[in-house]
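Engineer: Okay, predicted coordinates and the sequence, questions at the end:
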Amino acid sequence: MRGWMGKTKVFFVFTLLALFLAGCGIENLTALEPKGYGAEKSMDLIILTTLIMTGVFVVVMVIYVITLVRFRRKKGQEDYVPKQVEGNHKLEVIWTVIPIILVLVIAVPTVLATFDLADDSKADELINVNVKGNQYWWHFEYAGEEIQTSQDLYIPTGERVYLHMLSSDVIHSFWVPSISGKMDVNAENVNTMYIEAYDEGVYWGKCAELCGPSHSLMDFKVIAVSPEEYDEWVNDMQNVDADAEPENAVAQEGQELFEANNCMNCHATDSAASGIEAGPQNNGPFGPNLTNFGDRSRVAGILEHNKENLVDWIMDPESIKPGNKMTGQYPDLSQDEAESIAEYLLQLQPSEITPESAGD
Ligand code: HEC
Ligand SMILES: [Cu+2]
């Protein structure tokens, strides 16, 4: 489908993009500039339907205007009653058949694309990730790799990655506009979708189903790196030394505070930790896995990744994400304690492969 509408597509993308980017500052958060397979398929359909609808609009408007102009009441004809027509087989057939044809022209490629994007027949040979949506964060588990992570999903470019998606609470929707379609994440059944990014980059993901007060803050990132870098990342994540000594005395103290203040009840710092199955029941994990927290692109999915924001989050998550499940679940901390914990968490950097590797 890549080449069949080449020029029209470029024209459309650029016109819409100019309008769109004029009002928004975030790169890689638009379906109108596809950078992956699912997004490109969607864009082809958007263009097809827009062209057809525009055509219909133009034809209807032209006929409407002609009728208005030609059949206006003219001077001296005030009492004139035009010929009354009722029933016209030819016309009725035309305005029934043409819409049916148009609907078919739209429906056939749409249904084909839907089946294509749902096709998981090759999943066994490729990368599979169990995705779990939670109020208001995302958990990722690489099947067969013993890797668990949250918020940042690393994938290799040019490869299909199969997502098996479940929710631990309400319905969420997984959407990375630049590279994929949109898929509901339910608590009762696993929904499957694959994503593929053509180029390296950090692609913004959004929850696209209203799921509570912080729904609009339930952001995540897909980090597409070269296949070599991806292998390196997998290797690094598999070899995290969970018992490694923190880098300095403050971080050491932070680790102790982390252990003493319930944080470990919900947050693992070992990628493979917890025998938790991604499952429909509310069986955890109860908070984001922090194994590579120091390599993250954001704090809590949304804040700029720096120490100040991290301390703010630890001190008062409620003011940042109302209704989140961390608020009130640990003892009050002093500013100093929060800073030590932040120092500890930020030095959890198991891999050289980070969002910067993808050009962020
Ligand atoms: C009851 C479980 C629970 C406890 C206890 C808990 N947290 Fe959390 N934590 C969460 C949840 C849930 C989130 C995700 C919040 C969201 O984004 O909606 C979170 C998010 C975070 C994040 C941001 C993670 C990311 O991926 O960006 C950090 C950092 C964090 N917690 C640190 C701590 C620290 C430090 C403590 C102990 C003082 C702690 N948490 C205690 C559940 C918990
Ligand atoms: Cu959500």
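Structural biologist: Right, received. Where do you want to start? Ligands and ions are numbered 1, 2, ... in the order given.
Engineer: Ligand 1 contacts on the stretch 51-200 of the chain?
Structural biologist: 136-137, 150-151 (Cβ under 6 Å from any ligand atom). The way it works is simple: take the backbone N, C-alpha and C, and place the C-beta from them, glycine included.
Engineer: pLDDT weak spots in the chain?
Structural biologist: Residue ranges of the chain with pLDDT under 70: 1-5, 17-26, 273-284, 360.
Engineer: what distance separates the longest helix along it from the middle of the whole chain?
Structural biologist: The residue-count maximum for a helix in the chain (DSSP state H) belongs to helix 37-70. Helix 37-70 sits 29 Å away from the centroid of its parent chain (Cα atoms, centre = their mean, to the nearest Å).
Engineer: now do stretch 187-196
Structural biologist: 12 Å.
Engineer: mind exporting that stretch as CSV, just the C-alpha atoms?
Structural biologist: Listed next in CSV are the C-alpha coordinates belonging to stretch 187-196 (Å, rounded to 0.1, in the frame of the first residue of the first chain):
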residue,chain,number,x,y,z
ALA,A,187,-9.7,-6.6,32.2
GLU,A,188,-11.5,-9.7,31.0
ASN,A,189,-9.8,-10.7,27.7
VAL,A,190,-6.4,-10.3,26.0
ASN,A,191,-6.4,-8.1,23.0
THR,A,192,-3.6,-8.4,20.5
MET,A,193,-2.0,-5.9,18.2
TYR,A,194,1.4,-5.6,16.6
ILE,A,195,3.5,-2.4,16.2
GLU,A,196,6.4,-1.7,14.0
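Engineer: Where does the residue in the chain sticking out farthest from the centre sit: helix, strand or coil?
Structural biologist: Most distant residue from the mean C-alpha position of the chain: residue 76, 65.4 Å away (Cα atoms, centre = their mean). At residue 76, secondary structure determined by DSSP: H, G, I helix; E, B strand; the rest coil is coil.
Engineer: Also residue 183?
Structural biologist: Residue 183 ends up strand, using three-state DSSP.
Engineer: Contact partners for it?
Structural biologist: Residues near residue 183 by Cβ atoms under 8 Å, 6 or more residues apart in numbering: 163, 165, 173-175, 191, 193.
Engineer: if we go to 6 Å?
Structural biologist: By Cβ atoms under 6 Å, 6 or more residues apart in numbering, the contact set of residue 183 is 174, 191, 193.
Engineer: what would those residues look like in a markdown table with distance to residue 97 and neighbour count?
Structural biologist: Conversion of these to a markdown table gives the following (distance: Cβ to Cβ, whole Å; neighbours: other Cβ atoms under 10 Å):
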| residue | distance to residue 97 | neighbour count |
| --- | --- | --- |
| 174 | 40 | 26 |
| 191 | 37 | 17 |
| 193 | 36 | 21 |
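Engineer: could the residues you listed go into a markdown table alongside distance to residue 260 and secondary structure?
Structural biologist: Formatted as a markdown table, the contacts of residue 183 follow (distance: Cβ to Cβ, whole Å; DSSP: H, G, I helix; E, B strand; the rest coil):
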| residue | distance to residue 260 | secondary structure |
| --- | --- | --- |
| 174 | 36 | strand |
| 191 | 40 | strand |
| 193 | 41 | strand |
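Engineer: Residue 336 and residue 310, how far apart?
Structural biologist: Applying Cβ to Cβ, to the nearest Å, the value for residue 336 to residue 310 is 14 Å.
Engineer: Which one's more surrounded, those two?
Structural biologist: residue 310 (23 against 12; other Cβ atoms under 10 Å).
Engineer: I appreciate the help and will end here.
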